[in-house]
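J.: got a predicted model here, sequence first, then my questions.
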Amino acid sequence: EVQLVESGGGLVQAGGSLRLSCAASGFIFDDYAIAWFRQAPGKEREGVLCITSDGRSQRGDSVEGRFTISSDNAKNTVYLQMDSLKPEDTAIYYCAADQGRCSVLVRAYRYWGQGTLVTVSS
């Protein structure tokens, strides 16, 4: 059974940083692309960044260079480092996984975590 568990969300002041983790299990990590998405209140879910086990990544249109993605293949964990956070980054952040190439499109992923809330105060 594929499982994705996000952690690391919380409340942070504008300008601060957070690192989110996505612990994956139930599949061969090397065969999958893993992505981060976010969904703000009243908005559609949007792609943030994705990564494959060989280190290839893709960035969503809405995300600037303030966010970076990395993976620890030995731990089957993908990280989202978020720096210089802004109030508009407030959202539930989800990780998702599926076989294939990197994509920041929601429809590319069958497996989703439960999400972790990030709140950025002004």
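T.: Structure received.

J.: what is the least confident helix or strand in this structure?
T.: The helix or strand of the chain with the lowest confidence, counting by mean pLDDT, DSSP states H and E, is strand 57-59 at a mean of 91.

J.: now do the buried residues in the next helix or strand after that one.
T.: Heading C-terminal from strand 57-59, the first helix or strand you meet, by DSSP states H and E, is strand 67-72. Within strand 67-72, the residues scored as buried using 16 or more other CB atoms under 10 Å are F67, T68, I69, S71. Every residue, glycine included, has its C-beta placed from N, CA and C.

J.: can you check stretch 90-110 too?
T.: Residues 90-98, 102-104, 106, 108-109 are the ones in stretch 90-110 that count as buried (16+ other CB under 10 Å).

J.: please name the bridge partners of the residue sitting nearest the centre point of the chain.
T.: Geometric centre of the chain, nearest residue: W36, 2.2 Å, by CA atoms, centre = their mean. W36 has these beta-bridge partners by DSSP bridges: L49, C95.

J.: can I get the buried residues of strand 67-72 in a markdown table with pLDDT and distance to A24?
T.: What follows is the buried residues of strand 67-72, written out as a markdown table (pLDDT from 0 to 100; distance: CB to CB, whole Å):
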| residue | pLDDT | distance to A24 |
| --- | --- | --- |
| F67 | 96 | 19 |
| T68 | 96 | 18 |
| I69 | 96 | 14 |
| S71 | 93 | 9 |
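
J.: closest to G42 out of those residues?
T.: When the buried residues of strand 67-72 are ranked by distance to G42 (CB to CB), F67 comes first, at 21.5 Å.

J.: now for the least confident helix or strand of the chain, which elements pack on it?
T.: Counting contacts by 3 or more CB pairs under 8 Å, 6 or more residues apart in numbering; DSSP states H and E, strand 57-59 packs against strand 46-52.
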